[in-house]
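K.L.:
Sharing a model prediction with you, sequence too.
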Amino acid sequence: MTVLDYRLVDVFTSQPLSGNSLTVFFLNRPLPDALLQAVTREMRHFESIFLWETPDPHCFRARIFTMEEELPFAGHPVIGAACALHAERFAGTPEVALRLQLAERGVPLVSRRGGGHYSAEMEQGTAVFSGSVPREGRDEVLAALNLRPDDLVSELPLEVVSTGLPYLIVPIRKNLAEARIVARDFDRLLARFGASFVYVIDVPTLEGRTWDNDGRVEDIATGSAAGPAAAYLVRHGYARPDLPLVLHQGRFLGRPSQLIASVDGEHMSVRVRGDVAPVGGGTLDLRNSPLL
């Protein structure tokens, strides 16, 4: 493949130029890791997703890359890819069931077309709670996030929750605008508690923030964190099971987004959905790339 077709979509919004932008690439065969990583860096989105067909016309292989690494799972690329596939391959139907096969798991989805945008819902899996930060470690985590102990919702734990990526959920009641990663080696701090990333959530307003672990790039809307955050709130009695929970993100980047999650109260299985706005598309000409 010397020319790669792609579609640009904005995820967790019904309006273009809002939400979390995403590049969805359509491949006709797998390509080398180094090339996929280089293409993702070229596009400079938080993540890009690469798709190719399987014998099942409703199932597609998928790989997700950030500018630094491949991810085993991420929410906004999966939601965005489902809607891009709907528009590209199933334009004649208002609703389509799909499955994206990642390296370690398959993700069932349903995409629906409405008006000038799409909406997709994914089965994110069962929430796994793998432990809380000991009381003596709380202050270290808070200091690393430019927060103070009185910013916390005091009765709630700092807890690691995963539906594919383990997030350390940090529940606060104020000063979300002040939150940021200010510590070096923040990834090592998270690893001590079994987390890969952090999600700071203002519990009264249901607004969250997360970053890459260097603290240089804030994510606009994080589907892989929405599920764990919703499960966390249900488990601790701050949200009702089996009802949609609307989470907000992206305001501090000027791209407000809404992520809707629901949690099965019996099994703690999670669904996450969001709107997707098509923005455009094009091709990358890689005929002279040394990586091919």
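P.N.:
Ah, there it is.

K.L.:
Break this structure into its domains for me.
P.N.:
3-123+276-285, 128-267 (automatic domain parsing).

K.L.:
Same list (those) but as CSV, adding mean pLDDT and distance to Leu292.
P.N.:
No exception for glycine: its C-beta is placed from N, CA and C like everyone else's. Listed next are the domains of the chain as CSV, based on pLDDT from 0 to 100; distance: least, C-beta to C-beta, whole Å:
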stretch, mean pLDDT, distance to Leu292
domain 3-123+276-285, 96, 7
domain 128-267, 97, 28
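
K.L.:
Need the ones you listed in JSON lines (columns: mean neighbour count and distance to Leu291).
P.N.:
Shown next, in JSON lines, are the domains of the chain (neighbours: other C-beta atoms under 10 Å; distance: least, C-beta to C-beta, whole Å):
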{"stretch": "domain 3-123+276-285", "mean neighbour count": "19", "distance to Leu291": "4"}
{"stretch": "domain 128-267", "mean neighbour count": "19", "distance to Leu291": "24"}
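
K.L.:
check which helix or strand covers the closest residue to Thr205 other than its chain neighbours.
P.N.:
Residue nearest to Thr205 in three dimensions, not counting chain neighbours: His248, with 7.0 Å by C-beta to C-beta, 6 or more residues apart in numbering. For His248, the host element (DSSP states H and E) is strand 245-249.

K.L.:
contacts for the following helix or strand past that strand?
P.N.:
Counting by DSSP H and E, the next helix or strand C-terminal to strand 245-249 is strand 257-263. Residues outside strand 257-263 that contact it (C-beta atoms under 8 Å, 6 or more residues apart in numbering) are 11-13, 18-20, 75, 127, 220-223, 226-227, 229-231, 234, 239, 241-250, 269-275.

K.L.:
What segments of this structure are helices?
P.N.:
Assigned helices in the chain, in chain order: 33-43, 75-89, 135-144, 186-192, 223-235 (criterion: DSSP state H).

K.L.:
wait, which of those helices is closest to Leu158?
P.N.:
helix 135-144 (6.0 Å; C-beta to C-beta).

K.L.:
what does that closest one contact?
P.N.:
Contact with helix 135-144 is made by 133, 148-149, 151-152, 158, 168, 170, 181-183, 186, 189, 192-193, as judged by C-beta under 8 Å, 6+ apart.

K.L.:
quick one: which of those sit in strands?
P.N.:
Counting by DSSP state E, the part of the contacts of helix 135-144 found in strands is 168, 170.

K.L.:
with the contacts of helix 135-144 in mind, which one is nearest to Ala81?
P.N.:
Taking C-beta to C-beta as the measure, Ala81 lies nearest Leu168 of these, at 26.6 Å.

K.L.:
circling back to that earlier point, what does the strand holding His248 contact?
P.N.:
So strand 245-249 is contacted by 12, 201, 205-210, 219-222, 226, 229-230, 233-234, 239, 256-263 (C-beta under 8 Å, 6+ apart).

K.L.:
for stretch 169-187, same thing?
P.N.:
By C-beta under 8 Å, 6+ apart, stretch 169-187 touches 141-148, 151-153, 156, 158-161, 189, 196, 198-205, 207, 209, 211, 213-215, 228-229, 232, 252.

K.L.:
if we go to 7 Å?
P.N.:
Contacting residues not belonging to stretch 169-187 are listed as 141, 144-147, 151-153, 156, 158-159, 161, 189, 198-204, 207, 209, 211, 213, 215, 228-229, 232, 252 [C-beta atoms under 7 Å, 6 or more residues apart in numbering].

K.L.:
Kindly report the same for stretch 227-243.
P.N.:
Stretch 227-243 has contacts (C-beta under 7 Å, 6+ apart) with 124, 127, 129, 156, 159, 161-163, 167, 169, 199, 201, 203, 208, 245, 247, 261-265, 268, 270, 272.

K.L.:
again, only using 6 Å
P.N.:
Contact with stretch 227-243 is made by 124, 127, 156, 161, 163, 167, 169, 199, 201, 245, 261, 263, 265, 268, 270, 272, as judged by C-beta atoms under 6 Å, 6 or more residues apart in numbering.

K.L.:
Next: stretch 39-53.
P.N.:
By C-beta under 6 Å, 6+ apart, stretch 39-53 touches 21, 23-27, 36, 60-67, 74, 77, 81, 219.

K.L.:
Send me the strand holding His248 as PDB with only the CA atoms.
P.N.:
Provided in PDB are the C-alpha atoms of strand 245-249 (Å, rounded to 0.1, in the frame of the first residue of the first chain):
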ATOM      1  CA  LEU A 245     -24.500   9.100  33.200                       C
ATOM      2  CA  VAL A 246     -23.300  12.100  31.200                       C
ATOM      3  CA  LEU A 247     -19.700  12.900  31.700                       C
ATOM      4  CA  HIS A 248     -18.100  16.200  30.500                       C
ATOM      5  CA  GLN A 249     -14.500  16.800  29.300                       C
END
